[in-house]
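# Structure for the following, please:
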Amino acid sequence: MGLGILILIGLAAIALFAVLFIVGKYNSLVTLRNRFKNAYAQIDVQLKRRYDLIPNLVEVAKGYIKHERETLEAVIKARNVAYAASQTAATNPGDAAAVKGLVSAESGLAGALSRLMVVSEQYPQLKANQNMMQLTEELTSTENKISFSRQAYNDSVMTYNTQREVFPANIIAGMFNFAPAELFVVDKPEQRDAPKVSF
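I've put the predicted structure just below:
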């Protein structure tokens, strides 16, 4: 065997190693991206459940707090905005702008729900209503599930973003357009807590 053949074998081995390395990193990034998209799907399930509960909550409250029409309308409007933002984000959880829009809409909904709960505290008959108690219990449970789902999503996003930013995976991420994912974070400290729904 001549020196030329050994050099060709060496170059072929290096090229094969490089190809296998790139394929491995690419597959790793795809796997991590799919994990955070799946984690977002879990949030989406809980958000839809909450969006379904809110109109029922408002309907029960309507009968008791007739003078608080503005508050009830604000809750429904915020729910509709959040639902639309959720639909947009669900089509592509990797779209940072869509996730930011959802976070903003969710903040608005949390504020509107908090105002409804504060107003409803002034109506003892509403607080004693069995339907209202059941709905608020379901809403509280759903809020807890949303919180856990957000945590799982953020953990998945952090793992994905870290992997796509470290060298040499960042080169492969750039070559194949693996965009950064957006964390599901609430910006305002007062909105970090789930809406209080105790009666």
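# going forward, measure contacts and count neighbours with C-alpha atoms only.
OK.
# Which elements pack onto whatever helix or strand residue 153 lives in?
Applying DSSP states H and E as the criterion places residue 153 in helix 130-165. Using 3 or more Cα pairs under 8 Å, 6 or more residues apart in numbering; DSSP states H and E, the elements in contact with helix 130-165 are helix 3-62, helix 169-175.
# please redo it, this time with the cut-off set to 10 Å
Applying 3 or more Cα pairs under 10 Å, 6 or more residues apart in numbering; DSSP states H and E, we find helix 130-165 packed against helix 3-62, helix 124-128, helix 169-175.
# averaged over its residues, what pLDDT does the shortest one have?
It refers to helix 124-128. Helix 124-128 shows a mean pLDDT of 80.
# can you list the residues that contact that helix?
Outside helix 124-128, the residues that touch it by Cα atoms under 10 Å, 6 or more residues apart in numbering are 60-65, 117, 120-121, 132-133, 136, 198-199.
# Can you add pLDDT and give the residues you listed back as JSON lines?
JSON lines is the format used below for those (pLDDT from 0 to 100):
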{"residue": "60", "pLDDT": "86"}
{"residue": "61", "pLDDT": "87"}
{"residue": "62", "pLDDT": "83"}
{"residue": "63", "pLDDT": "80"}
{"residue": "64", "pLDDT": "81"}
{"residue": "65", "pLDDT": "80"}
{"residue": "117", "pLDDT": "85"}
{"residue": "120", "pLDDT": "83"}
{"residue": "121", "pLDDT": "83"}
{"residue": "132", "pLDDT": "85"}
{"residue": "133", "pLDDT": "85"}
{"residue": "136", "pLDDT": "86"}
{"residue": "198", "pLDDT": "46"}
{"residue": "199", "pLDDT": "41"}
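# shouldn't residue 105 be in contact with residue 87?
No - using Cα atoms under 10 Å, residue 105 makes no contact with residue 87, being 11.7 Å away.
# what do these two both touch?
Common neighbours of residue 105 and residue 87 (criterion: Cα under 10 Å, 6+ apart): residue 81.
# Those two: which is more packed in?
residue 105 (21 against 15; other Cα atoms under 10 Å).
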